[in-house]
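Visitor: Pasting the sequence and the predicted coordinates here, then a few questions.
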Amino acid sequence: MRASLIQIGVDEDESVEARRARVASLVREQAGADLVVLPELWTTGAFAYESFATGAEPLRGPTYEAMAEAAREAGVWLHAGSIPERGEAPADGGPGAEGPLCNTSLVFSPSGALAAAYRKIHRFGFDKGEAVLMGAGDTLVTVPLPDTTLGVATCYDLRFPELFRGLVDAGAETLVVPAGWPERRRSHWTLLAQARAVENQAFVLACGTAGTHAGVPQAGHSIVVDPWGEVLAEAGPDEEILTVDFDPARVARTREQFPALKDRVLGLPPPTV
Ligand SMILES: NC(=O)CCC(=O)C(=O)O
C-alpha cells in the first residue's frame, strides 16, 4: 500500500480559499497512491482560535466539496484532515441560534463519497481554546479499506491510549492521526506515535502541519511507524509530501508472532488500601 501524507504549511499570509485550491491540487497529484492523508484544521490552523467561528463550514461545505472532487479525480482514499464544522442550529433555538462547532475529520473513498466523519473526542486547551470553543465527539470511527482497516483519531487524542485500544478492539490495523502539533512539544509527538504503534501492533500514519499560525510554530515531522515501533519515514519541519510503501499484512503477522494483545487483563478491581 502506498500512502502520501501531505504536511501542509499553514501560515496566515495565505487565504483559506487559496490554501484549499492548493491542497486540492496537491491531492490530485497523488494519483497512484492508495491513501492520502492531510493534517488537522489545515484551513484555519489548529491554534487560530479566533478563526474557528469565522472559518467554520457545514459538513458538506466548500472543503468537503473540494476534497471529494480531488479524491475522485486522483482515485485515492483521502483522509482529508479536519475542518471546523458548524452543526445545524437547534430547531427551537430561536432567531440567530447557531449549531455547535466540532473539529471534524472527513474520509473520502476513491469515488469521492464520504466514507466517514470523525468528531475529535479529546479537545485541546484545558480551560481555553479548542476545549471551550468546540464540542466533543463521542463516537469511535473505523473505516474499512480493501487491504486494511483505518482507525481515526485527531492530534491531542494521541495522548489517550484507551481511545486507540477502542479502535483496535473495533478492528483497526492502521491508525491515522491528522494533527496541528506545536514545535514546542515535538518530542512528545514522535514518542507518542511510536508508543501507539508498539502497544497496538499497528501502523501509525501521523500527519502534522508546517509553518506558523497564531504565533505557534508547528512541528512538521509527520511520521509513519510500523507495528514494531520502527519509524518507516519522517518528514522535516517544512511543507513536504511524505510518501511511504507499507505492507498492511505485517499487522496480522506481528500480532501472531508476538501475541501481546492477547495477554490483556481487563476489568481489574481497584487497589485496596
Ligand atoms: N491541536 C491539538 O490537539 C494540539 C495538541 C497538543 O499541542 C499537545 O497534545 O501537546
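Guide: That came through, no problem.
Visitor: near the ligand, which residues of this structure?
Guide: Contact residues, the chain versus the ligand (CB under 6 Å from any ligand atom): 40, 46, 124, 155-156, 159, 180-182, 185, 188. Placement of C-beta: from N, CA and C, glycine included.
Visitor: again, only using 5 Å
Guide: Taking CB under 5 Å from any ligand atom as the criterion, the chain approaches the ligand at residues 46, 124, 155-156, 180, 185.
Visitor: Please check those residues and keep the buried ones.
Guide: Those of these that meet the buried threshold are 46, 124, 155-156, 180, by 16 or more other CB atoms under 10 Å.
Visitor: CSV for those, including secondary structure?
Guide: As requested, those are exported to CSV (DSSP: H, G, I helix; E, B strand; the rest coil):
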residue, secondary structure
46, coil
124, coil
155, helix
156, helix
180, coil
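Visitor: what's the closest of those to residue 214?
Guide: Checking these against residue 214 by CB to CB gives residue 46 as the nearest, at 8.8 Å.
Visitor: Contact partners for that closest one?
Guide: Residues counted as contacts of residue 46 (CB atoms under 8 Å, 6 or more residues apart in numbering) are 40, 124, 130, 155, 179-180, 209.
Visitor: Output the residues you listed in CSV; the columns should cover pLDDT.
Guide: Formatted as CSV, these follow (pLDDT from 0 to 100):
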residue, pLDDT
40, 98
124, 98
130, 97
155, 98
179, 98
180, 98
209, 98
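Visitor: sorry, back to before: mind putting the buried ones among the residues of the chain next to the ligand in a markdown table, distance to residue 140 included?
Guide: Listed next are those as a markdown table, based on distance: CB to CB, whole Å:
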| residue | distance to residue 140 |
| --- | --- |
| 46 | 21 |
| 124 | 19 |
| 155 | 16 |
| 156 | 16 |
| 180 | 21 |
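Visitor: Which single one of the residues you listed is nearest to residue 61?
Guide: Using CB to CB, these come closest to residue 61 at residue 46, 18.1 Å.
Visitor: which residue is nearest the centroid of the chain?
Guide: Per CA atoms, centre = their mean, the C-alpha nearest to the average position across the chain is that of residue 178, at 2.5 Å.
Visitor: Who is that residue paired with across the strands?
Guide: Here residue 178 sits in beta bridges with residue 207, as judged by DSSP bridges.
Visitor: Name the residues of stretch 171-180 that come out as buried.
Guide: Buried, per 16+ other CB under 10 Å, within stretch 171-180: 172-180.
Visitor: again, but for stretch 113-125
Guide: Residues of stretch 113-125 classed as buried under the neighbour-count rule (16+ other CB under 10 Å) are 114-124.
Visitor: hey, C-alpha coordinates of the longest strand anywhere in the chain in CSV?
Guide: In the chain, taking DSSP state E as the definition, the longest strand is strand 77-86. In CSV, the C-alpha atoms belonging to strand 77-86 read as follows (Å, rounded to 0.1, in the frame of the first residue of the first chain):
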residue,chain,number,x,y,z
TRP,A,77,-8.8,7.1,-0.4
LEU,A,78,-8.5,10.5,1.2
HIS,A,79,-8.3,11.3,4.9
ALA,A,80,-8.9,15.0,4.3
GLY,A,81,-7.8,16.1,7.8
SER,A,82,-10.3,18.1,9.8
ILE,A,83,-12.5,21.2,9.4
PRO,A,84,-14.1,23.4,12.0
GLU,A,85,-17.6,22.1,11.4
ARG,A,86,-20.7,24.2,12.3
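Visitor: Isn't residue 219 up against residue 186?
Guide: Yes - Residue 219 is within contact range of residue 186, at 4.1 Å (criterion: CB atoms under 8 Å).
Visitor: ok, back up a step: just checking, the residue nearest to the centre of the chain touches residue 105?
Guide: Yes - if you go by CB under 8 Å, residue 178 and residue 105 touch, sitting 6.3 Å apart.
Visitor: Can you work out which residues contact both of these two?
Guide: 40, 79, 81-82, 154.
Visitor: ok, the residues you listed vs residue 60, which is closest?
Guide: Relative to residue 60, and with distances defined as CB to CB, the nearest of the shared contacts of residue 178 and residue 105 is residue 82, at 14.8 Å.
Visitor: Counting neighbours, what do you get for the closest residue to that closest one other than its chain neighbours?
Guide: In this structure, residue 82 finds its nearest non-sequential neighbour in residue 105, 4.4 Å apart by CB to CB, 6 or more residues apart in numbering. Using other CB atoms under 10 Å, the number of residues around residue 105 comes to 27.
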